[in-house]
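**Student:** Quick check, what structure comes out for this input:
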Amino acid sequence: MANAFIIEINGKAAGLVVEEKGGFRFFASHRIFWKLDGQVYRRVREAEEAAKVIWNQSVGATSVRHSHLGSDRSTTSVPS
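**Tutor:** Just a heads-up that it's a prediction; the model follows:
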């Protein structure tokens, strides 16, 4: 079973990344993030940062969160 992580910004699901050979593929769940759809990132954090940039360009961001699917573990960070 592949590892998958939901990427949320300000409580909205930006998309999810699914582990595959060579990294994590981003699947957008909101039209703001369609630009990232299908891109592969080496790390989940890189996908988060890309989503944060898109969000900041679109509407501004206050927080980013990702959690492992099937897990109650999550992390929250505030952009500087």
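
**Student:** Just give the number of residues close to Gly38.
**Tutor:** When counting by other C-beta atoms under 10 Å, one arrives at 10 neighbours for Gly38. The way it works is simple: take the backbone N, C-alpha and C, and place the C-beta from them, glycine included.

**Student:** Correction: the previous question concerned Trp34.
**Tutor:** Trp34: 12 surrounding residues under other C-beta under 10 Å.

**Student:** Tell me the secondary structure of Gly38, please.
**Tutor:** Here Gly38 is coil, with the state taken from DSSP: H, G, I helix; E, B strand; the rest coil.

**Student:** Tell me the helix or strand right after the longest strand belonging to the chain.
**Tutor:** Counting residues, the longest strand found in the chain (DSSP state E) is strand 12-20. Heading C-terminal from strand 12-20, the first helix or strand you meet, by DSSP states H and E, is strand 23-28.

**Student:** Tell me which residues are up against the helix or strand that that following strand is followed by.
**Tutor:** Using DSSP H and E, the helix or strand that follows strand 23-28 in sequence is strand 40-41. Taking contacts as C-beta atoms under 8 Å, 6 or more residues apart in numbering, the residues outside strand 40-41 that touch it are 17, 20, 22-26, 47, 50.

**Student:** And strand 40-41, how far out from the chain middle?
**Tutor:** Remark: strand 40-41 is offset 11 Å from the chain centroid, using C-alpha atoms, centre = their mean, to the nearest Å.

**Student:** tell me the mean pLDDT for the longest strand of the chain?
**Tutor:** The average pLDDT within strand 12-20 is 94.

**Student:** Quick one: distance of that strand to the chain centre.
**Tutor:** For strand 12-20, the distance to the chain centre is 5 Å (C-alpha atoms, centre = their mean).

**Student:** what's the answer for stretch 6-26, then?
**Tutor:** Centre to centre, stretch against its chain (C-alpha atoms, centre = their mean), the figure for stretch 6-26 is 4 Å.

**Student:** Thanks a lot, see you next time.
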